[in-house]
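> Quick check, what structure comes out for this input:
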Amino acid sequence: MKPPDREQVACALLAFYLDAGVDAVIDEIAADRLDGAAAKGSSAARATAAIADSRPPNAGRAIDRERPVVGRPGHRESVPGPAAPTPPSPDAAVMAAREMARSAGNLDELRAILERFEGCALRATASRLVFADGNPAAPVMFVGEAPGRDEDLAGLPFVGRSGKLLDRMLAAIGLDRSCAYIANIVPWRPPGNRTPTPQESAICLPFVRRQIELADPNLLVCLGQPATQALLGTTDGITRTRGRSFAYHTGAREIRAIPTFHPAYLLRQPLQKRLAWRDFLTIKKALASGG
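Predicted coordinates:
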C-alpha cells in the first residue's frame with residue numbers, strides 16, 4: 001500500500017483546522033495551554049513577556065501584535081490592543097442612575113443623560129436608545145417592559161405587532177398616540193428579545209421613575225407583570241393585579257395606576273383580550289373623571 005503523500009496530508013489537516021474554527025498560527029509548535037510550564041516556555045509567551053516588560057508599569061492593556069493567518073500567505077491580522085473598560089458593579093450603576101436621573105430638569109435632559117449613560121450593559125448590544133413616543137403632556141402614560149427588534153430599529157416603543165395591537169386598543173376607547181405618552185422600564189433592547197434581568201431593570205428603574213415624574217400624567221397604565229411589579233412594588237401576578245387601582249407616588253404627588261396585560265401577551269393568549277377590554281374601559285372611565 002502506497003503511503004499517503006505528506007503534502008496532501010498537510011493540506012487535509014489545514015482544511016480540518018479551518019473547518020474546526022482555527023484561523024491563526026501563534027507558535028511554531030503546538031503547546032498545551034493548560035500546562036503552565038509549557039505555556040510559559042513557548043516562544044509566543046516569551047515574546048509577550050518581553051514586550052510587557054518593556055512597557056510602562058501602569059499600561060494595564062492587552063498587547064498589540066500581528067499574526068499570520070492560516071491559508072493566506074503573506075497576510076497578517078491585527079489583534080486589537082486596548083482592553084474593554086471594566087463595567088461598574090450593579091450597586092454602583094444603580095446609585096449612578098439615581099443621581100443622574102435626579103439631575104434631569106426636563107424630558108429632553110433625561111433623554112440626553114440616558115444617551116450617555118454607560119451603567120447598563122444593554123446599551124452596548126442595542127442599536128439605539130428607545131426613549132418614548134406620543135405626547136408627554138397627555139393625561140395618561142403607558143409603561144411596558146423593554147423594546148423588541150422593531151422598536152430597536154425604529155427607536156420608538158411599541159411599533160411592532162404588539163404596538164399595532166396597542167394602537168387598536170387605544171382607538172377602541174377613543175385615544176391615539178397624540179393622547180398618550182408611551183415608554184418602557186428598560187429603554188434598550190435585550191439581545192434576542194430576552195427578558196431583562198432583575199439587575200438590568202433595577203439599573204434602569206430610576207430613569208423611568210424620573211420620566212413619569214417629569215411627564216406628570218394623571219393616570220399611569222402598567223403594561224404587563226414586569227412593569228407592574230417594578231413600578232408598584234407588588235409581587236402578585238398580572239392576573240391578580242390587572243384592572244385594579246393602585247396609588248403611585250411620582251415624588252411630587254400621588255396619581256392612580258392601573259395594570260393590564262401587555263399587548264405581546266394578548267397576541268399569545270387572544271382569549272384574554274376580553275379582560276383587557278374591561279381594563280381599558282376602566283382606563284377610559286378614569287380619564288373621564290380626571291384620573
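> Just give the number of residues close to Val186.
27 (other Cβ atoms under 10 Å). The way it works is simple: take the backbone N, C-alpha and C, and place the C-beta from them, glycine included.
> so it, which of the three states?
Here Val186 takes the coil state, with states given by DSSP: H, G, I helix; E, B strand; the rest coil.
> so how far is Pro196 from it?
Remark: distance between Val186 and Pro196 (Cβ to Cβ, to the nearest Å) = 5 Å.
> next one: the longest helix along the chain to chain centre, how far?
Of all the segments of type helix in the chain, defined by DSSP state H, the longest one is helix 198-215. Helix 198-215 sits 14 Å away from the centroid of its parent chain (Cα atoms, centre = their mean, to the nearest Å).
> and it, C-alpha only, in CSV?
Below are the C-alpha coordinates for helix 198-215, written out as CSV (Å, rounded to 0.1, in the frame of the first residue of the first chain):
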residue,chain,number,x,y,z
PRO,A,198,-33.5,42.0,37.6
GLN,A,199,-30.2,43.8,37.7
GLU,A,200,-30.9,45.5,34.3
SER,A,201,-34.4,46.5,35.4
ALA,A,202,-33.1,47.9,38.7
ILE,A,203,-30.4,50.0,36.9
CYS,A,204,-32.9,51.5,34.5
LEU,A,205,-35.8,52.0,37.0
PRO,A,206,-34.6,55.4,38.4
PHE,A,207,-34.8,56.8,34.9
VAL,A,208,-38.3,55.7,34.1
ARG,A,209,-39.4,56.9,37.5
ARG,A,210,-38.0,60.3,36.8
GLN,A,211,-39.6,60.1,33.3
ILE,A,212,-43.0,59.5,34.9
GLU,A,213,-42.4,62.4,37.4
LEU,A,214,-41.4,64.8,34.6
ALA,A,215,-44.3,63.8,32.3
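> Quick check: next helix or strand after it?
Downstream of helix 198-215, the first helix or strand assigned by DSSP states H and E is strand 219-223.
> Pull the residues that contact the following helix or strand past that next one.
Going down the chain from strand 219-223, the next helix or strand is helix 225-232, by DSSP H and E. Residues outside helix 225-232 that contact it (Cβ atoms under 8 Å, 6 or more residues apart in numbering): 143-145, 184-185, 195-196, 201, 205, 208-209, 212, 220, 222, 234-238, 241, 246, 248, 257, 259, 262.
> Of these, keep whichever come out buried.
143-145, 184-185, 196, 201, 205, 208-209, 212, 220, 222, 234, 238, 241, 246, 248, 257, 259, 262 (16 or more other Cβ atoms under 10 Å).
> among the helices and strands of the chain, which has the poorest mean pLDDT?
Here the helix or strand of the chain ranked lowest by mean pLDDT, DSSP states H and E is helix 43-54, holding a mean of 44.
> can you map out the helices along the stretch 151-291 of the chain?
Remark: helices assigned in the stretch 151-291 of the chain by DSSP state H, counting those that start in this stretch are 161-172, 198-215, 225-232, 238-241, 263-268, 273-288.
> No further questions, thank you.
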